[in-house]
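Visitor: Sequence and predicted structure are below.
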Amino acid sequence: MSNILYNAPPYKSGDWRKYCVHSDTEIKGFFGPYRFLSNFEPCLGLDGYPTVENAYMAEKVVPESREFFKTCSAVEAKKSWRKFKLLNPETWDSRKYNIMFALVKSKFINTPQLKQKLLDTENKQLIELNWWRDSYWGVDIKLGGENNMGKILMAVRDIIKNNRQPGDWYGDGPNGLGWYSKDVGLVTGAGIGGNIK
């Protein structure tokens, strides 16, 4: 699992101020002034979906069921996707990182105010600290986690900041060696997406 663990004081579920760290070097927890980093933040550039969360959940289901995700809230999208017929569930785990990468990149590239806010995080470590047991996209305060959302956000920040283009060598970014591909996001020698350390 993770090498990122966070020993938090006792907390009340949802009271982010008790365990998030927003400092000069890191942003642990996408709450308060850093809520814009969350997939629940409204944005542009997602083909009519209001948030990354809506678009991501729509990608899980067959195309004829996706319209629902254009009109519901992010919370409804997260809770409702299981009610629909899934699109290739057997390959989802191999596709989810690249889908998320593309959606997050589109969010920040196509929403100028969010793009600037992301750039304003400068070189801070971005860690999707949470209490809802998400150890793949984030870092659960008790379980730890892989922080793949933080890695994607830092990669997108680097792509924007350095005006990287598809095919550019990506050797000095937050995720190490690799290259940036328009179609699949960030590729490393170890594989695609989720294998980035």
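Guide: That came in fine, so what should we check first? Not measured: the values here are computed from a predicted model. Residues are numbered from 1 along each chain as shown.

Visitor: Now do the residue nearest to the spatial centre of the chain against residue 118, distance only.
Guide: Geometric centre of the chain, nearest residue: residue 149, 3.4 Å, by Cα atoms, centre = their mean. The span separating residue 149 from residue 118 equals 13 Å under the rule Cβ to Cβ, to the nearest Å. No exception for glycine: its C-beta is placed from N, CA and C like everyone else's.

Visitor: And residue 91, by the same measure?
Guide: Here the criterion is Cβ to Cβ. By it, residue 91 lies 30 Å from residue 118.

Visitor: hang on, the earlier thing: where does the residue nearest to the centre of the chain fall, secondary structure wise?
Guide: helix 148-161 (DSSP states H and E).

Visitor: roughly how far is that helix from the heart of the chain?
Guide: With Cα atoms, centre = their mean, to the nearest Å as the basis, helix 148-161 stands 9 Å off its chain's centre.

Visitor: what does stretch 135-151 give?
Guide: Here stretch 135-151 is found 11 Å from its chain centre; the criterion is Cα atoms, centre = their mean.

Visitor: start to end distance for that stretch?
Guide: Counting by Cα to Cα, to the nearest Å, the length from the leading to the trailing residue of stretch 135-151 is 13 Å.
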